[in-house]
Structure formats: structure tokens, C-alpha cells
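1. Build me a model:
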Amino acid sequence: MRGRWRCAALVLGCFLGSAFVAGFIGFALSLERTESTLTVQADGVVVLTGGSDRVYEAGGLLARGQARRLLITGVNRATRGHEIAKLLPVSRELFDCCVDLGYRAQDTIGNALETRDWARARGMSKGSLIIVTSNYHMPRALAELSAALPEVALYPFSVVSDHLRVEDWLGDLAVTRLIAAEYVKYLYALLRTRLLEPGAFATASGPVGAAVVAEPSPQPR
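-> So this is what the prediction gives:
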């Protein structure tokens, strides 16, 4: 009997290991290789911080009129509005009127919660948002955001970095490690939002407005 249990455990372990590896390969192959192109018109643009190229691309979407407002979520508390304004391809007038800075988020879960509260405060909780983040981070970001905003249409805009080529995931150990770590985090996000805490983000109450989103103060021109 003990031998049968060991055999069953071995078979199950092999199955789970094979499923994990197959899922990882599929995850790596699914990541965007080229810069996103979007023509959609949305209510807002949300960019998850992590690189100036993400913020620049999000600013470009706002400048082209593809959304009414822009949220930069996860801003470092030491970073001020006028510093970010220099990174965006928008006029100072557009920045002052239509760019919101979120300082509360510390991770992707926090980004989702901050975005949820911002969307509620801005009347977009049943609207549409363009999501801007790096290509390898996009699957997890969408998993968290779709759980927090189930009634919002999300349009991904993946930023492709010249310094991190996801197509090299088989030949570059550093890239392999990064994508593998992101895959594990993505699986955890799916498990938590779909099975362990389904609907928790969407129904949870939280602070809305100024306590979550800090408006950039006008700076001397």
C-alpha cells in the first residue's frame, strides 16, 4: 500500500512539474515582443511605475487625446509633480489639469487598489482604462486590475524595453530568472484573485479621492 502511495505521489509530482514548465513556456512566448499600438479611446490611462519609459508612453497616450485623465500609480513619495512633468510629452497646462499622482501603492496589488479608488473618484468605475506597464509585468497587472475593477474594460499597452529582450529568455539567464519570477507571481495573483479572495477587491471599501490620489501642485514655469 505504501508503495502505491509513493507511486501516485511521484506521478502527481511529475504531472504538476510538467504543467508548471509548460505553463512557463506558454507565459514566456505570450509576452509582447514589439511596442504596442492602440487607437482605442478610453476614459483614462493608468501607468504602473517602474521605469521612465512607461511614464513617457502613458503621457503620449494622454497627449494624443486617447483618454481624459492619466493616473501614475506607485509614485515614490520623494518625487514631486514638477519632476514627473519633465518626463511627460505633455504641456504644463495638460499636466496640471489631467494628471494624477498616486503615492500609496507599494506593489502591484497596491496599484490595483489605488487604481480602483481613483476610478471610483473620477467616475470611471464602469468605464474603460488603458493600462501601461512593461511587457513581462502586464499579465500580472491585468490579473490584479481585472479583479479590482470587474466592470471596467481594460486595454493593455505593453512597453518593450531595449535593455530587456524577452525573446532572449532561453539564452539569457538573467532574463530567464526575471520571467520565471514573474510567472510565479502571476500564478499567485490568479490563485488569490480567482480562488482565495474572489471579489474581495471589487467590494472592499477604502479611501477615495485626495487621500489616495495626490494632485500635482502647480509649479513655476
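
2. Over to the most centrally placed residue in the chain: give its phi and psi.
-> The residue lying closest to the centre of the chain (Cα atoms, centre = their mean) is Ala141, at 3.3 Å. When read as degrees, to the nearest 10, the backbone of Ala141 gives phi -60, psi -40.

3. quick one: it from Lys185, how far?
-> Noted for Ala141: a distance of 11 Å to Lys185, by Cβ to Cβ, to the nearest Å. Every C-beta, even on glycine, is put in place using the N, C-alpha and C of the backbone.

4. Give the intersection of the neighbour lists for the two.
-> Taking Cβ atoms under 8 Å, 6 or more residues apart in numbering as the contact rule, Ala141 and Lys185 both touch Thr108.

5. residues contacting the residue nearest to the centre of the chain?
-> With Cβ under 8 Å, 6+ apart, Ala141 has these contacts: Leu48, Thr108, Asn111, Ala112, Ile131, Thr133.

6. What's the PyMOL line that selects buried ones from those residues?
-> Those of the contacts of Ala141 that count as buried under 16 or more other Cβ atoms under 10 Å are selected in PyMOL with:
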select buried, resi 48+108+111+112+131+133
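
7. related to what we said a few turns ago, without its sequence neighbours, what residue ends up closest to the residue nearest to the centre of the chain?
-> Thr133 (4.9 Å; Cβ to Cβ, 6 or more residues apart in numbering).

8. hey, what's that neighbour bridged with?
-> Ser158 (DSSP bridges).

9. my guess is it meets Val47, correct?
-> Yes - counting by Cβ atoms under 8 Å, Val47 is a contact partner of Thr133 at 7.0 Å.

10. pretty sure Ile130 is in a strand, no?
-> Yes - applying DSSP: H, G, I helix; E, B strand; the rest coil, one finds Ile130 inside a strand.

11. ok, the closest residue to Leu38 other than its chain neighbours - contacts?
-> Excluding the flanking residues, the one nearest Leu38 by Cβ to Cβ, 6+ apart is Phe157, at 5.5 Å. Residues in contact with Phe157 (Cβ under 8 Å, 6+ apart) are Ser36, Leu38, Glu57, Ala58, Leu61, Ile130, Ile131, Val132.

12. Could you pull up phi and psi at the second one?
-> It stands for Leu38. According to degrees, to the nearest 10, Leu38 has phi -130, psi 140.

13. Which strands or helices does the lengthiest helix in the chain pack on?
-> Counting by DSSP state H, the longest helix found in the chain is helix 2-30. If contacts are counted by 3 or more Cβ pairs under 8 Å, 6 or more residues apart in numbering; DSSP states H and E, helix 2-30 sits against helix 173-191.
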